[in-house]
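>>> I'll drop the sequence and a predicted model, then ask my questions.
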Amino acid sequence: MSSIILVDDEPLARDRLQRMLADQPEYEVVAEANSGDQAIGLVQQYQPDILLMDIRMPGMDGLEAAQHLRQLSRPPAIVFCTAYDEYAINAFDVEAVGYVLKPVRKAQLLKALARAQGISNLQLKALRPTSSARTHLSAKTHTGVELMPIEDISHFIAEQKYVTAHYEGREILLDEPLKQLEQEFGNRLLRIHRNCLISLSHVERLIHPKHGQSQIQLKQVGQPLTISRRHLAQVKKVLKSL
């Protein structure tokens, strides 16, 4: 028997899928989620074989959730449900991952579930129609995949091969370079040093000491961060526009 988690922000859509699977002894629905981030928590709790997931949902969508789930040592197979053909289904390897178009038909659902396998990074890239930024970052910790809302991360520091996210008083290692983060979240982050990106929403004040380099104080961060001379003019310009 294959265990399934249903993920859709519409309760009626989940109920419809439940009814379609009720008389299928080879499948068991073990949980339901109404968002991508809730789905990630339930996947780590139940370790299902298959995720039957909507693509468009408020907050974290199905594609972003799939990206984070890829970090698990045993990610579930994913069958996407979508009513939107702009997700370039034809560019998607349907032999490697399933999909069903809404309104879901039972025959199509069972066929997709039968051939569902893992989803690769290339398939995720083919599915995403825009360069929309993620709502969360994720890190693999001793408890599994931990989600960090972007707005709750104060700054990022690069040291040697690692980038550390400063999140709610903790330091969490990421497997993403600063440059990639800056490109994805450029409107929310500001580089103050070649090794440091700060969150604009966390800025408290700019500090100009009589001697030494300028610094920036972030909310709920103990020590101010040094701004390099190279980046000071741009930092002043951006902060003035806020």
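That came through fine. Quantities reported herein were computed from a predicted structural model and do not represent experimental measurements.
>>> longest helix in the protein, by residue count?
In the chain, ranked by residue count with DSSP state H as the criterion, the top helix is helix 229-241.
>>> the domain parsing of the chain - what is it?
Structural domains assigned to the chain are 2-127, 148-241, following automatic domain parsing.
>>> now the end-to-end length of the last one.
Across domain 148-241, the straight-line distance between its terminal residues is 27 Å, by CA to CA, to the nearest Å.
>>> what's the mean pLDDT across it?
Summarised as a single mean, pLDDT over domain 148-241 is 92.
>>> what does the first one give?
When the per-residue pLDDT values of domain 2-127 are averaged, the result is 83.
>>> look at the residue lying farthest from the centre of the chain and tell me its secondary structure.
Here the chain reaches farthest from its C-alpha mean at residue 210, the gap being 42.5 Å by CA atoms, centre = their mean. Three-state call for residue 210 (DSSP: H, G, I helix; E, B strand; the rest coil): coil.
>>> which phi and psi does it have?
When read as degrees, to the nearest 10, the backbone of residue 210 gives phi -60, psi -30.
>>> how close does it sit to residue 193?
Plainly put, residue 210 is 21 Å away from residue 193 if you go by CB to CB, to the nearest Å. Every residue, glycine included, has its C-beta placed from N, CA and C.
>>> and residue 76, by the same measure?
For residue 76 relative to residue 193 (CB to CB), the value is 40 Å.
>>> between these two, which one's more packed in?
Counted by other CB atoms under 10 Å, residue 76 and residue 193 do not tie: residue 76 has more neighbours, with 25 against 20.
>>> what sits against that one?
By CB atoms under 8 Å, 6 or more residues apart in numbering, the residues touching residue 76 are 5, 43, 47-51, 69.
>>> go again using 7 Å as the cut-off
By CB atoms under 7 Å, 6 or more residues apart in numbering, residue 76 lies in contact with 43, 48-51, 69.
>>> partner residues bridging residue 145?
Judged by DSSP bridges, the bridge partners of residue 145 are residue 140.
>>> the spatially closest residue to residue 228 that is not a sequence neighbour and residue 225: what is the separation?
Setting aside the residues directly before and after it, residue 228 is nearest to residue 193 in space (CB to CB, 6 or more residues apart in numbering), at 4.5 Å. Distance check for residue 193 against residue 225: by CB to CB, it reads 8 Å.
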